[in-house]
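> give me a model of this one.
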Amino acid sequence: MIIGLSDSLYYICGTTYESSSSIDTTFVFITMRNSGGLVETFLLSNIHYYNLSYAIKTSNNKIALCGNGRKFNETSGGGYLTLITQSGELLWTTRINDDDPTTTESITSVAELQNGYYVAVGTVRSNVTLNLPYKLFVVLINNNGLIEKSRVFDNYYEDGSTENPVICSNNETALVSATISPYYTGPRSIWLLKIDNDCDTLWTKPLTIENASCGVGSITKTNTGHFILSGNAVIPNSTSPYPAFLAKIDSNGTQLWSNTFSGATSTSFTYCKESVDGGLAAIGQTISNGLFRIYFVKTDTAGLITSTWQPGAVAGRLTVSPNPVTDVCYVTLPQGCRQLNLLTLQGQTLLTINTTGKSTLELSTNWLPAGLYLLRAETPSGCMIEKILKLKP
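Okay, here's the model as predicted:
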């Protein structure tokens, strides 16, 4: 994860693995960087961490990290919340559980409330009875790292199982979003749960993305008090690659819009943030032939794609002439382009052309309604996007 500390200083947080003859240990690492490069790297070595799930910068400029792990002198694992200073000084670490030795808790996300307390969310499962579904676990922690309250929520669907809950604060309340599905069967859906600063439910409801089975990856708050959810989707009875999705809801959980983003490869979004122009910037990954690659998308205020980018894009340009176009345009392809896709702004693929060995091609647009479209050139090193404006004849 990346956390901005100032205009020129930021943290990169992650997990690193150490192996020795006596113990295999996973630590959380923090790398502090500025515009000139590396400043400092340090490990949080007092905890035998299994992973880092999430990290936030707090209102008093500390860093809160959560995930799953245990102290060296403990025999069982579970969730944790850690607070450190920007220089890496450990302030406190709290082991999170519900005081039930027959269950194990994992923590996937954390948010700060207006009063300086923290709400961490995750899942809980039985250690005794196998194959029971996971349930939502919420814990309230004060600013000294002491647990004030914890609660296990029944799943929205009686036979459902909760996966990957995420949380975002809204002053004195918090909005939790989780993937939930009938246990190991049936389509996935999104569960919204709004809680107060005592972990009590204010309302709960499902969120449906039209014609898609969805898994949530993140939830973030906009400057207007709305919320953006991102993740991945599955279109039932479709053989196409899995698309990513973005959805915007108001503070009452009412859906304002949702869009899925399809492409030549399966795509998922793991994080999304509002940009200065009111649009969205989303980061995720694509997968093709077993290889994962980072994927960036920029949208307008309605969640429609304005540009995409993948690291490693080849030199050269994708150009279209004339543009705007009424009937036929000519496309110059970047070096090594093997496929050209014509997309709607929502990411729907309208046309796919094999361009292996080609440097230019003629593209007829007579069949297209007037409007704005995207051309995406796929190369071995990445992709390039160019907009096309189709005019009425």
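> so what's Thr308 bridging to?
Listed beta-bridge partners, Thr308: Val297 (assigned using DSSP bridges).
> which pLDDT value belongs to it?
Listed pLDDT for Thr308 reads 71.
> need the contact list for it.
Under the criterion of Cβ atoms under 8 Å, 6 or more residues apart in numbering, the contact list for Thr308 reads 295-298, 376, 383, 385. C-beta: built from backbone N, CA, C; applies to glycine.
> what subset of these is buried?
295, 297-298, 376, 383, 385 (16 or more other Cβ atoms under 10 Å).
> redo these as CSV? Include pLDDT.
As requested, the buried ones among the contacts of Thr308 are arranged in CSV below (pLDDT from 0 to 100):
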residue, pLDDT
Tyr295, 78
Val297, 83
Lys298, 84
Arg376, 88
Cys383, 79
Ile385, 84
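> thinking again about what came up before, now tabulate the contacts of Thr308 in a markdown table and tack on distance to Tyr118.
Below are the contacts of Thr308 laid out as a markdown table (distance: Cβ to Cβ, whole Å):
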| residue | distance to Tyr118 |
| --- | --- |
| Tyr295 | 31 |
| Phe296 | 30 |
| Val297 | 30 |
| Lys298 | 31 |
| Arg376 | 41 |
| Cys383 | 39 |
| Ile385 | 40 |
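> go through those and say which is closest to Thr85.
Phe296 (30.7 Å; Cβ to Cβ).
> is the closest one in contact with Ile283, as I believe?
Yes: the criterion here is Cβ atoms under 8 Å, and Phe296 meets it with Ile283 at 5.6 Å.
> which element, helix or strand, includes Ser177?
Secondary structure from DSSP states H and E places Ser177 in strand 173-182.
> just after that strand, pick out the following helix or strand.
Counting by DSSP H and E, what follows strand 173-182 is strand 189-195.
> rounded mean pLDDT for that next one, please.
Averaging pLDDT residue by residue across strand 189-195 gives 91.
> send me it as PDB with only the CA atoms.
The C-alpha coordinates for strand 189-195 follow below in PDB (Å, rounded to 0.1, in the frame of the first residue of the first chain):
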ATOM      1  CA  SER A 189     -23.300 -10.100  -3.900                       C
ATOM      2  CA  ILE A 190     -22.300  -7.000  -1.900                       C
ATOM      3  CA  TRP A 191     -23.500  -6.500   1.700                       C
ATOM      4  CA  LEU A 192     -23.600  -2.900   3.100                       C
ATOM      5  CA  LEU A 193     -23.700  -2.300   6.800                       C
ATOM      6  CA  LYS A 194     -23.700   1.100   8.500                       C
ATOM      7  CA  ILE A 195     -22.700   1.100  12.200                       C
END
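> partner strands of it, with direction?
Counting by DSSP bridges, strand 189-195 is paired with strand 173-182 (antiparallel), strand 201-207 (antiparallel).
> what bridges to the residue nearest to Leu343 when sequence neighbours are not counted?
Distances taken as Cβ to Cβ, 6 or more residues apart in numbering place Leu374 nearest to Leu343, at 4.3 Å, with adjacent residues excluded. Here Leu374 sits in beta bridges with Leu343, Lys387, going by DSSP bridges.
> wait, isn't Leu374 in contact with Glu386?
Yes: using Cβ under 8 Å, Leu374 is in contact with Glu386, at 7.3 Å.
> give me the more crowded residue out of those two.
Each of Leu374 and Glu386 has its neighbours counted (other Cβ atoms under 10 Å); Leu374 has more, 22 against 17.
> residues contacting the more buried one?
305, 342-345, 385-388.
> mind putting those into TSV with distance to Tyr80?
Putting those into TSV (distance: Cβ to Cβ, whole Å) gives the following:
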residue	distance to Tyr80
Ile305	38
Leu342	48
Leu343	43
Thr344	44
Leu345	42
Ile385	41
Glu386	47
Lys387	46
Ile388	50
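> of those, buried ones?
Using 16+ other Cβ under 10 Å as the burial test, those include 305, 342-345, 385-386, 388 as buried.
> hmm, back to that, list just the nearest of the contacts of Thr308 to Leu246.
Closest to Leu246, out of all of the contacts of Thr308 and judged by Cβ to Cβ, is Val297, at 8.3 Å.
> roughly how far does the closest one sit from Asp100?
42 Å (Cβ to Cβ, to the nearest Å).
> likewise Ile305?
To Asp100, Ile305 is 46 Å away according to Cβ to Cβ.
> which residues touch the most centrally placed residue in the chain?
Centroid check for the chain by Cα atoms, centre = their mean gives Thr270 as the closest residue, at 1.8 Å. By Cβ under 8 Å, 6+ apart, Thr270 lies in contact with 217-218, 230, 283-285.
> any weak-confidence spans in the stretch 201-350 of the chain?
Within the stretch 201-350 of the chain, the segments meeting pLDDT under 70 span 238-240, 262-265, 288-291, 309-316.
> hmm, 80 instead?
210-212, 234-241, 261-266, 286-295, 306-317, 335 (pLDDT under 80).
> so where do the strands sit in it?
Ranges of strands in the stretch 201-350 of the chain, per DSSP state E, counting those that start in this stretch, are 201-207, 213-221, 227-234, 244-249, 255-261, 266-274, 280-288, 291-299, 305-309, 319-321, 328-332, 339-343, 349-354.
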